[in-house]
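# below are the sequence and a predicted model; questions follow.
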Amino acid sequence: MTLPATFCERDTVTVAKDLLGCLLVHHEETATAGRIVEVEAYLQGDPAAHSYRGVTKRNRAMFGPAGHAYVYRIYGMHTCVNVVTGAEGAGEAVLIRALEPVTGIDLMQARRGTDDLLSLASGPGKLTQALGITMDLNGTSLRDGPLQVRSSANPPEFRPEDIVQTTRIGITKAADLPLRFYLKGSRYVSRR
DNA sequence: TATCAGATTCCCT
DNA sequence: GGGAATCTGATAG
């Protein structure tokens, strides 16, 4: 089911936790999809957020409407995808860090060059490679576009206490803030 | 576990 | 122009 229009406009940390268990779907000739098992929140005034120093060509989508994608390239070779959240112009987003493969697994395996399900999408750069997410999806709507977030089973198959909250990965600024969330017990997270 | 190369974007941190 | 960046895979210990 497509997310409600207002889903991503709420408090970013709340949205981050609610995204766990949702499905990230890329509609192509062959659809690929995975269940979100790990996310990180990036907030307004957060030195670790790309939006911290204001609007640039690269981070422009992060200041756009909630529910759209912010896609960027990092370390010269990897692509990462965020869900823009909060009020428009706030510059807040949720980084999708890991997926449990669900649909189009053959295609994901071919793109990743491995058959190992556990490492198909267990990292922000891995999942974009597995789903074929590229820069041309930057700024597209996650409700209408080729890349979509769909709501999880209702009721969800896990309880609030099954969400683990820890510090974020791969950042140097504000590294102590506990803004990373993942599903306890999932074998598909990038790191425990 | 720890370290490091790889290779692009973008602000000067 | 320099250097850092929401990372990954390979290699050494």
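Now that the structure is in, tell me what you want to look at. Values in this document were obtained by computation on a predicted structure and should not be read as measured data.

# report how many residues lie close to residue A:160.
When neighbours are counted by other C-beta atoms under 10 Å, residue A:160 registers 7. No exception for glycine: its C-beta is placed from N, CA and C like everyone else's.

# nearest residue to it in space, please, no chain neighbours.
residue A:17 (7.9 Å; C-beta to C-beta, 6 or more residues apart in numbering).

# which single residue of chain A ends up nearest DNA strand B?
residue A:56 (2.2 Å; C-beta to the nearest atom of the strand).

# any idea which helix or strand carries the closest residue to residue A:173 other than its chain neighbours?
Nearest residue to residue A:173 in three dimensions, chain neighbours excluded: residue A:47, at 3.8 Å (C-beta to C-beta, 6+ apart). For residue A:47, there is no host helix or strand (DSSP states H and E).

# wait, residue A:47 touches residue A:172, no?
No. Assessed by C-beta atoms under 8 Å, residue A:47 is found out of contact with residue A:172, at 9.1 Å.

# got the residues of chain A near DNA strand C?
Applying C-beta under 7 Å from any atom of the strand, one finds that chain A approaches DNA strand C through A:40, A:42, A:48-50, A:62, A:70, A:74-78, A:80, A:82, A:93, A:95, A:112, A:119, A:123-127, A:168-173, A:190.

# rerun at 6 Å
For chain A, the residues in contact with DNA strand C (C-beta under 6 Å from any atom of the strand) are A:42, A:48-50, A:74-76, A:78, A:80, A:82, A:93, A:95, A:119, A:123-126, A:169-172, A:190.

# now, of these, which are buried?
The neighbour-count test (16 or more other C-beta atoms under 10 Å) marks A:42, A:48-50, A:80, A:82, A:93, A:95, A:123-126, A:170-171, A:190 as buried among the residues of chain A next to DNA strand C.

# just these now: which is nearest residue A:66?
Minimum distance to residue A:66 across those is 9.0 Å, recorded for residue A:93 (C-beta to C-beta).

# could you find the closest non-adjacent residue to that closest one?
residue A:82 (3.9 Å).

# residue A:52 now?
Nearest non-adjacent residue to residue A:52 (C-beta to C-beta, 6+ apart): residue A:46, at 6.4 Å.

# still on that earlier bit, burial measure for the residue of chain A closest to DNA strand B, as a count.
11.

# got it, and the one 10 residues further on?
For residue A:66, the tally of surrounding residues (other C-beta under 10 Å) stands at 22.

# OK, contacts around it?
A:8, A:9, A:84, A:85, A:86, A:87, A:88 (C-beta atoms under 8 Å, 6 or more residues apart in numbering).

# what do you get if the cut-off is 10 Å, keeping everything else the same?
Shown in contact with residue A:66 (C-beta atoms under 10 Å, 6 or more residues apart in numbering): A:5-10, A:12, A:15, A:83-88, A:90, A:92-93, A:142.

# per-residue confidence for it?
For residue A:66, the pLDDT comes out at 96.

# please identify which helix or strand holds whichever residue of chain A sits closest to DNA strand C.
Closest residue of chain A to DNA strand C, C-beta to the nearest atom of the strand: residue A:170 (1.7 Å). According to DSSP H and E, residue A:170 maps onto no helix or strand at all.
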